[in-house]
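Colleague: Sequence first, then the predicted structure, then my questions.
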2 protein chains.
Amino acid sequence: MVKFEGYTFIDGGVCAAQGFKASGVIAGIKAGNTTKRDLALIYCSEKCKAAALYTTNKVKGAPILVTQKHLSNGVAQAVIVNSGNANTCNENGIEIAEQMCELAASELKINVKDVLVGSTGVIGQPLSIEPIKAQIPSLVEQLSADKSAEACEAIMTTDTRKKEFAVEFELDGKKCRLGGISKGSGMIHPNMATMLAFITTDVSINRELLEKALRKVNALTYNMVSVDGDTSTNDTLILMSSSLAKNKEINCEDKNYDIFVNALYAVMMNLARETARDGEGATKLLECIVTGAPDDATAQIVAKSVIGSSLVKAAMFAADANWGRILCAIGYAQADFDINKVSVELASEVGKITVCVDGAGISFSEDTASRILSEDEIKVLIDLHSGDGSAIAWGCDLTFEYVKINAEYRT
Amino acid sequence: MVKFEGYTFIDGGVCAAQGFKASGVIAGIKAGNTTKRDLALIYCSEKCKAAALYTTNKVKGAPILVTQKHLSNGVAQAVIVNSGNANTCNENGIEIAEQMCELAASELKINVKDVLVGSTGVIGQPLSIEPIKAQIPSLVEQLSADKSAEACEAIMTTDTRKKEFAVEFELDGKKCRLGGISKGSGMIHPNMATMLAFITTDVSINRELLEKALRKVNALTYNMVSVDGDTSTNDTLILMSSSLAKNKEINCEDKNYDIFVNALYAVMMNLARETARDGEGATKLLECIVTGAPDDATAQIVAKSVIGSSLVKAAMFAADANWGRILCAIGYAQADFDINKVSVELASEVGKITVCVDGAGISFSEDTASRILSEDEIKVLIDLHSGDGSAIAWGCDLTFEYVKINAEYRT
């Protein structure tokens, strides 16, 4: 976890903020699943201001189309989510997604338009409403402010760890909270990186700034993660605000707005970072920090190019300081800078080593490099020596297990 | 091999055309190598018109810089190539590349400016001239018109098979030949796809059209291959013409020019296709044929997107008809078309099956699909139903072996 000054990390995930409850149950959506929670509900006692971002893929899952429609007024009160089936590219996906919202709304006694929906799993398979319908009463009954973890489990597919973060901070002397859950492990690449992320807050902020903050932070977090270069059809990021913290509503980009944006960054950055760490089959988190770029956009392109290179990823799996592949990936990044000024360092908790200066290799201790790269969090530090632009991107190594998971996923 | 009417495939590879000889010897360039040829020479009795294309990576190997300089007059007579070390991003790479040319020129008694040079292997390691220098006399002594295969072996790195093709055809009643050798297995992605390819011909054609033909055919062949999305620092494609076929020099884009371009396509397409088949760790050749696109450029973008998807590649490894991943990769291709019109078929020697119509899955026999996908040449047939544009791209599956090779390559 990366800490941020002025923000206290707390438990509670998507239920940390005032007004929010969640639950997660076993519905048995994927054939044979009788043990893993696969249906989640997030609910707020109040109607929330809400904003969402979706995949840029032309193929958009049915749940996205329904969520977009329901969120057209910028208001939401609940989100129902299933794993085990993406409800995408099948025949009656929209009908099923609508039914999920209707069933939840009916049981919650709220307006169906205030329910959003998400699905993740295999594409192109019919999703039956029956197992979902059967669990709706239980899902609503179990809603609780301490069940963020159960909701988080229910949205996981090949994820191996829960991704939950929340922070507490002050605005105008009022205690505020912001937290979220996220899933995503494969088919992860900008834009956007995660499959599903749900962030809640009790900060009072107007709808326009809520969305603006979400876009800004998304660009620096989820869009800077790549696991395998594939952009999913179902990526959805939802941010809901209950306004229950009773701070004076944020209506302009003042100091309070900055505090809110930083809180959002603190949570989303850690969620995104853990998503990279939990990349399918990954054994290591790769963090590529680019500095000295002509501008931030250039730094972002370079950082993502390095994180996305299959050859860099395979070398990291082997703890092999094959910096030539890193320089190669910097070289084919579609951006403008002088490759002959580039320096590269590799670092982890046990040390740091310079492997490349002025665009060429220098001699270094292979033993030291191997020791550094044997850790499970690796930093690739790139200085372009061409300006003040910077960026961070997160990825993971490419392993046998990635191939195994994806060669066997559907069966 | 894909055949072409009017062209007879013959043996001889890079020596098939009149005037060309080749050789390949064991120089022991990579520490511990005592059994694999790793130094090649291609030589023509005549000064040739020559054209070359290089990697678009900002990091360009020293051999490319030297070749560009030597080829500035459009004339070449020999190419010296080593594997086992890319001679890139090291301290005295240009000096070493120049020395390779000088040593070859001196032994061949030709002008050093008429010698081109290529290197492939690991990046950023010093390359010693000594093992090369020691083998130059033997390399020249062994030059022969029947040693294309030995030169081909000498330029291989992780390649598992030799890539050699040549065709015979007629121009103005004169027998003409065009052939080549190529290497490339990993770090393969447009632009360009192969590491090294050397094509020779005896067709008489002016320098400008020689280069124009090379660019055109490269766009349709090597640039349509992807193994792992990484663009190498050393990609080099050289085409040399001895003019010994005695046809009337091709000076305009007439029928004879078309015949020449098609010959070049016949050889380069087969070389590129075999490069994809021989992708690191690959067990299958994937051929993605896109039709019905608004234009050829859109078709190319879509075909390359599908071939480049790690998830599609992993599914093909498992003979899993996970067409959702194919549709997903079509969906994130950066091109403009209506995803709701797209149909997808999967085919191989044993049959063909439709898996997606109008952008959605249809029911199909998983058994039949699995049988089709268990073959070692798979066709993914995509019709965008939006025009007359078409393209073909070649790739391979993503396997455990790919990870193994690339996690252990440098050590």
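Modeller: Done, it's in.

Colleague: next structured bit after the longest helix along chain A?
Modeller: When chain A is parsed with DSSP state H, its longest helix is helix A:255-277. For helix A:255-277, the succeeding helix or strand toward the C-terminus, using DSSP states H and E, is strand A:285-293.

Colleague: How many residues are close by the closest residue to chain B within the stretch 251-400 of chain A?
Modeller: The nearest approach of the stretch 251-400 of chain A to chain B comes at residue A:324, 2.8 Å away (CB to the nearest CB). C-beta coordinates here come from the backbone N, C-alpha and C atoms, glycine included. Applying other CB atoms under 10 Å in any protein chain shown, we find 26 other residues in the vicinity of residue A:324.

Colleague: Need the three-state assignment for the closest residue to chain B within the stretch 51-200 of chain A.
Modeller: Closest approach between the stretch 51-200 of chain A and chain B, counting by CB to the nearest CB: residue A:123, at 2.8 Å. Recorded secondary structure, residue A:123: coil (DSSP: H, G, I helix; E, B strand; the rest coil).

Colleague: which residues touch it?
Modeller: Residue A:123 is in contact with A:61, A:86, A:88, A:89, A:233, B:322, B:324, B:325, B:327, B:328, B:361, counting by CB atoms under 8 Å, 6 or more residues apart in numbering or on different chains.

Colleague: Can you list the buried residues in stretch A:254-274?
Modeller: A:256-257, A:259-274 (16 or more other CB atoms under 10 Å in any protein chain shown).

Colleague: just stretch A:159-178 next, same as before
Modeller: Per 16+ other CB under 10 Å, stretch A:159-178 contains these buried residues: A:159, A:162-169, A:171, A:176-178.

Colleague: ok, now stretch A:37-54?
Modeller: A:37-44, A:47-54.

Colleague: if I've got this straight, residue A:118 is in a helix?
Modeller: No - counting by three-state DSSP, residue A:118 is not part of a helix but strand.

Colleague: Pull the number of nearby residues for it.
Modeller: Residues lying near residue A:118 (other CB under 10 Å) number 32.

Colleague: Just give the nearest non-adjacent residue to it, would you?
Modeller: Computed as CB to CB, 6 or more residues apart in numbering or on different chains, the closest residue to residue A:118 that is not its neighbour in sequence is residue A:81, at 4.1 Å.

Colleague: Let me see the backbone angles for that neighbour.
Modeller: Dihedral pair for residue A:81: phi -140, psi 140, per degrees, to the nearest 10.

Colleague: Give me the neighbour count for it.
Modeller: Count around residue A:81 with other CB under 10 Å applied: 26.

Colleague: Test my guess that it contacts residue A:197.
Modeller: No - with contact defined as CB atoms under 8 Å, residue A:81 does not count as touching residue A:197 (10.7 Å).

Colleague: residues shared between the contacts of the two?
Modeller: Here residue A:81 and residue A:197 have no joint contacts, going by CB under 8 Å, 6+ apart.

Colleague: for stretch A:284-303, the distance to its chain's centre please.
Modeller: Distance of stretch A:284-303 from the chain centroid (CA atoms, centre = their mean, to the nearest Å) equals 18 Å.

Colleague: export that stretch as PDB, just CAs?
Modeller: Extracted in PDB, the C-alpha atoms of stretch A:284-303 (Å, rounded to 0.1, in the frame of the first residue of the first chain):
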ATOM      1  CA  LYS A 284       5.700  -9.500  -9.200                       C
ATOM      2  CA  LEU A 285       4.300  -6.000  -9.300                       C
ATOM      3  CA  LEU A 286       6.200  -3.800 -11.800                       C
ATOM      4  CA  GLU A 287       6.100   0.000 -11.200                       C
ATOM      5  CA  CYS A 288       7.600   2.000 -14.000                       C
ATOM      6  CA  ILE A 289       8.400   5.600 -13.000                       C
ATOM      7  CA  VAL A 290       9.300   7.900 -15.800                       C
ATOM      8  CA  THR A 291      10.800  11.400 -15.100                       C
ATOM      9  CA  GLY A 292      12.600  14.000 -17.200                       C
ATOM     10  CA  ALA A 293      10.100  13.700 -20.000                       C
ATOM     11  CA  PRO A 294       9.300  16.700 -22.300                       C
ATOM     12  CA  ASP A 295       5.700  16.500 -20.800                       C
ATOM     13  CA  ASP A 296       3.500  14.200 -18.700                       C
ATOM     14  CA  ALA A 297       1.800  12.700 -21.800                       C
ATOM     15  CA  THR A 298       5.200  11.600 -23.200                       C
ATOM     16  CA  ALA A 299       6.100  10.100 -19.800                       C
ATOM     17  CA  GLN A 300       2.800   8.200 -19.800                       C
ATOM     18  CA  ILE A 301       3.400   6.800 -23.200                       C
ATOM     19  CA  VAL A 302       6.900   5.600 -22.300                       C
ATOM     20  CA  ALA A 303       5.800   4.200 -19.000                       C
END
